[in-house]
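Colleague: how would this look folded up:
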Amino acid sequence: MGEIVLAVVVGSLIAYLVNQLAPVKEFPGKGWLIFRLFVWVTLIALVQQGLTSDEITQPWSPTLLWCVAGAAGMGLVFDGIRLVWVLRRLPHAQENLEVAEATDDVRDKLLKAVGQQVRKRLKYAVGEQALINVVMRPDADAVDALADGADAEPVFLLPQAKQQVESFRTGAFRAVPSETTILDTFEDDDIDGLLLILGAPGMGKTTALLKLAESLLTRAENTGEIPYIFELSAWRDPQQEIADWLMAQLKFDYGIDEKVSRQWILNGKLMPLLDGLDELPMAEQRGKTSQRLCVEKINEFVAARLGQKVVVCCRYKEYEAVSEASGVKLDALNGALRLQPLEMTQVRQYFEDLARPEIWQALQDGAGLGKLMLPPAVELGQELEVAPMKIPLFVQMLAVAYAPGERLADKGELFDAYIDQKLSVDVRKQDRRLGRRRRESGTEWTYGKLEEEPSAEETKRYLSWLARKLKENDSTNNFLIEQMQPSWLETTVQKWQYRLIFGLIGGLIFGLIGGLIGGLIGGLIVGLKEDFKIREKPNTGIWSSAKNVLIVTPIIYPACFLIPFLTSFFLGNGLLWRDSLLQGIAYAGWLGFYLGGGLAVIQHVTLRTLLHRQGHIPHNYARFLRYTTERRLTQQIGGRFRFIHRELLDHFAAMEK
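Modeller: Sure thing, here's the model as predicted:
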């Protein structure tokens with residue numbers, strides 16, 4: 001009982017000291033200062049144990065111990081004075097100045113990271129190298145000629161959708177000339193930085209948003225703006241204000257302190273580019289749908305901040321449905337950019353530019369491929385759907401998936417043909433052959449040999465399961481491996497296995513560390529805080545947790561050593577310092593495992609193991625997802641993965657189990 005009481009007292013003192021200090025960026029060396037203080041106390045305690053021990057045999061030992069005690073005492077006094085001095089000189093003005101300096105530093109890092117992500121996403125959304133698509137042609141000679149460098153210029157794979165701008169102030173519509181950029185529309189006098197982008201699925205809304213982000217990032221150094229794309233599907237709490245949600249998302253994505261992001265919002269520097277309003281859950285909350293609640297919150301956010309700039313993307317039909325059902329519109333914005341269906345002249349020109357006129361000819365066959373030129377059948381009274389060949393996404397996929405004699409009746413069959421083409425053994429062989437010939441491109445394959453790659457059936461099964469889980473959990477098309485939840489387990493047996501394994505391990509750890517957690521969990525690891533982090537690789541969160549265990553353990557070891565030593569000393573039990581050292585190692589190991597995130601590692605490994613045994617995921621999930629990115633079914637952005645389009649995610653989710 002004495003050890004537990006002392007643990008709580010010592011731990012609470014540690015937590016108080018740590019929490020009284022400014023963040024790492026504002027007070028460099030905070031963690032090291034705390035560590036030194038405990039080293040000095042530990043040394044003094046060891047000296048005391050040595051001087052009172054009967055095991056001292058050398059005459060010079062007491063002198064040496066007193067020298068150590070003197071040095072430790074001087075260090076304790078010096079660092080103690082420095083600690084008090086730091087605590088006394090943290091007025092609010094100085095803190096605000098340091099936060100401002102940190103804001104500039106974090107802003108530069110964020111802009112750099114976001115710029116890399118935007119460019120990478122645009123590479124997939126707008127265009128790829130012609131080499132990627134020419135391998136789909138049956139003419140091997142043409143492939144070889146291009147592989148030798150005959151024509152390696154970039155080819156844009158999406159025809160430009162026509163655009164129309166609606167001004168909410170005047171109610172007027174006007175066509176947008178082809179030479180007008182999305183940035184021009186954004187800065188138009190009628191829009192003035194408050195824009196809604198509308199269009200059918202696959203029409204290029206997100207691509208337009210990415211192009212705008214790219215343009216805004218280019219000039220950000222001069223304007224001080226911070227354009228950032230937020231996925232609205234992650235907004236779940238109807239009580240949460242948009243400003244609070246923005247700060248929470250930046251903290252989760254990059255570890256940015258909310259004091260920093262709040263300053264950006266107050267200064268009007270953060271420019272939210274909100275994508276996927278239509279992807280919010282359809283369930284009602286407080287008698288209103290999530291879309292309506294979000295529209296209301298966005299209106300409040302814009303109205304409360306003069307000069308705030310915001311862009312929102314949404315599917316046209318979903319936005320109109322919300323507006324008609326509730327009468328609520330994004331009237332805080334100034335206008336809408338409406339992406340119009342492609343014209344047939346554009347489609348024809350597109351295939352001619354790709355040197356694929358045979359596809360256009362096949363589209364003239366009304367009994368075959370020509371069905372893609374017609375809108376899908378709809379029930380009487382419903383709004384007329386857009387024909388697949390009037391949507392850029394499907395035009396691009398047809399250019400990849402078409403083979404002579406191909407008969408595709410609807411977009412579902414088009415998706416199947418695209419997936420089969422991308423996973424075809426012959427196509428994969430050709431890709432590798434081209435990669436070897438173009439060594440200057442630095443092509444590196446996820447799997448060293450073709451035989452090591454998963455089969456087409458395995459790939460489709462794994463992606464189908466992932467898509468279903470993302471939809472079942474109303475998750476965004478933005479997947480982090482470490483975000484998988486126990487709720488993804490499908491059988492009762494699996495769920496009980498998970499509870500049993502994790503419960504046993506968690507119970508063991510809790511039992512061993514006992515009352516130590518009560519005092520220490522409050523603040524020991526605050527010193528590990530970072531002002532900015534990038535999820536560059538898959539499983540970053542899990543690996544960070546494992547690394548934190550190794551960092552936290554030595555930091556808390558001095559305190560873990562002192563607890564049994566001082567308890568024994570004050571209670572007169574005569575515990576030797578050697579025994580205290582061993583007990584301290586045990587305490588530090590278990591407590592470091594808990595505070596550093598070891599339980600999260602065990603939880604994740606347990607979940608992954610069960611899902612793998614069930615056949616839902618491969619053993620090396622990150623490697624598999626990188627492979628699907630090679631096959632142009634997903635794209636990797638840092639440590640995240642996303643299907644190349646929400647429509648493809650929906651198609652995989654609809655596949656039979």
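Colleague: drop to CA atoms for contacts and neighbour counts, all remaining ones
Modeller: Will do.
Colleague: Report pLDDT for residue 3.
Modeller: For residue 3, the pLDDT comes out at 45.
Colleague: repeat for the one 3 residues further on
Modeller: Looking at residue 6, its pLDDT is 47.
Colleague: which stretches of the stretch 501-650 of the chain have low pLDDT?
Modeller: Scanning the stretch 501-650 of the chain with the threshold set as pLDDT under 70 gives 502-599.
Colleague: rerun at 50
Modeller: 513-531 (pLDDT under 50).
Colleague: and if you look at the chain?
Modeller: 1-8, 15, 21-26, 91-95, 97-98, 127-156, 379-383, 440-442, 513-531.
Colleague: what are the ranges of the strands in the stretch 101-250 of the chain?
Modeller: 127-129, 154-156, 163-167, 173-176, 194-199, 226-231 (DSSP state E, counting those that start in this stretch).
Colleague: quick one: strands adjacent to the fifth one?
Modeller: I take that to be strand 194-199. Its sheet considered, strand 194-199 pairs with strand 310-315 (parallel), strand 335-339 (parallel) by DSSP bridges.
Colleague: which one of the strands of the stretch 101-250 of the chain is the most hemmed in?
Modeller: Highest mean neighbour count of the strands of the stretch 101-250 of the chain: strand 194-199, a mean of 25 (counted as mean count of other C-alpha atoms under 10 Å).
Colleague: Hey, what's the angle from that one to strand 163-167? Just curious.
Modeller: 140 degrees (axes from the mean of the first three to the mean of the last three C-alpha atoms, to 10 degrees).
Colleague: re earlier: I'd like the strands paired with strand 194-199 laid out as TSV, including mean neighbour count.
Modeller: Shown next, in TSV, are the strands paired with strand 194-199 (neighbours: other C-alpha atoms under 10 Å):
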stretch	mean neighbour count
strand 310-315	23
strand 335-339	25
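Colleague: And those: which comes nearest residue 626?
Modeller: strand 310-315 (27.8 Å; C-alpha to C-alpha).
Colleague: got the angle for the closest one vs strand 226-231?
Modeller: Using the same axes, to 10 degrees: strand 310-315 against strand 226-231 is 30 degrees.
Colleague: Mind checking what helix or strand follows strand 310-315 in sequence?
Modeller: The element immediately downstream of strand 310-315 (helix or strand, assigned by DSSP states H and E) is helix 316-326.
Colleague: And that following helix, what's buried?
Modeller: 316-319, 322-323 (16 or more other C-alpha atoms under 10 Å).
Colleague: and of the strands of the stretch 101-250 of the chain, who's closest to residue 205?
Modeller: Nearest of the strands of the stretch 101-250 of the chain (C-alpha to C-alpha): strand 194-199, 6.4 Å.
Colleague: what sits up against that closest one?
Modeller: 186, 205, 309-316, 332-340 (C-alpha atoms under 8 Å, 6 or more residues apart in numbering).
Colleague: Serialize the buried residues of helix 316-326 to CSV and add fields for distance to residue 291.
Modeller: Shown next, in CSV, are the buried residues of helix 316-326 (distance: C-alpha to C-alpha, whole Å):
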residue, distance to residue 291
316, 13
317, 13
318, 9
319, 8
322, 7
323, 10
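Colleague: out of those residues, who's nearest residue 161?
Modeller: Using C-alpha to C-alpha, these come closest to residue 161 at residue 316, 14.6 Å.
Colleague: Any chance of a markdown table for the strands paired with strand 194-199, columns distance to residue 177?
Modeller: Below are the strands paired with strand 194-199 laid out as a markdown table (distance: least, C-alpha to C-alpha, whole Å):
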| stretch | distance to residue 177 |
| --- | --- |
| strand 310-315 | 21 |
| strand 335-339 | 13 |
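Colleague: For residue 417, find the nearest of those strands.
Modeller: When the strands paired with strand 194-199 are compared by C-alpha to C-alpha, strand 310-315 sits nearest residue 417, at 25.2 Å.
Colleague: The stretch 551-657 of the chain: strands as residue ranges?
Modeller: Under DSSP E, counting those that start in this stretch, the stretch 551-657 of the chain gives strands at 634-637, 640-643.
Colleague: Now render the ones you listed as a markdown table, adding mean neighbour count and distance to residue 193.
Modeller: Shown next, in a markdown table, are the strands of the stretch 551-657 of the chain (neighbours: other C-alpha atoms under 10 Å; distance: least, C-alpha to C-alpha, whole Å):
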| stretch | mean neighbour count | distance to residue 193 |
| --- | --- | --- |
| strand 634-637 | 22 | 27 |
| strand 640-643 | 21 | 28 |
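Colleague: Compare those strands and give me the one nearest residue 66.
Modeller: strand 640-643 (56.9 Å).
Colleague: who does that closest one touch, helix- and strand-wise?
Modeller: With contacts defined as 3 or more C-alpha pairs under 8 Å, 6 or more residues apart in numbering; DSSP states H and E, strand 640-643 has these neighbours: strand 634-637.
Colleague: Pull the residues that contact the strand it packs on.
Modeller: So strand 634-637 is contacted by 117, 120-121, 124, 536, 625-626, 628-629, 641-644 (C-alpha under 8 Å, 6+ apart).
Colleague: Please identify the pairing partners of it and their relative orientation?
Modeller: strand 640-643 (antiparallel).
Colleague: ok so, going back, pipe the strands of the stretch 101-250 of the chain into CSV and attach distance to residue 455 per row.
Modeller: Shown next, in CSV, are the strands of the stretch 101-250 of the chain (distance: least, C-alpha to C-alpha, whole Å):
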stretch, distance to residue 455
strand 127-129, 25
strand 154-156, 30
strand 163-167, 41
strand 173-176, 46
strand 194-199, 36
strand 226-231, 32
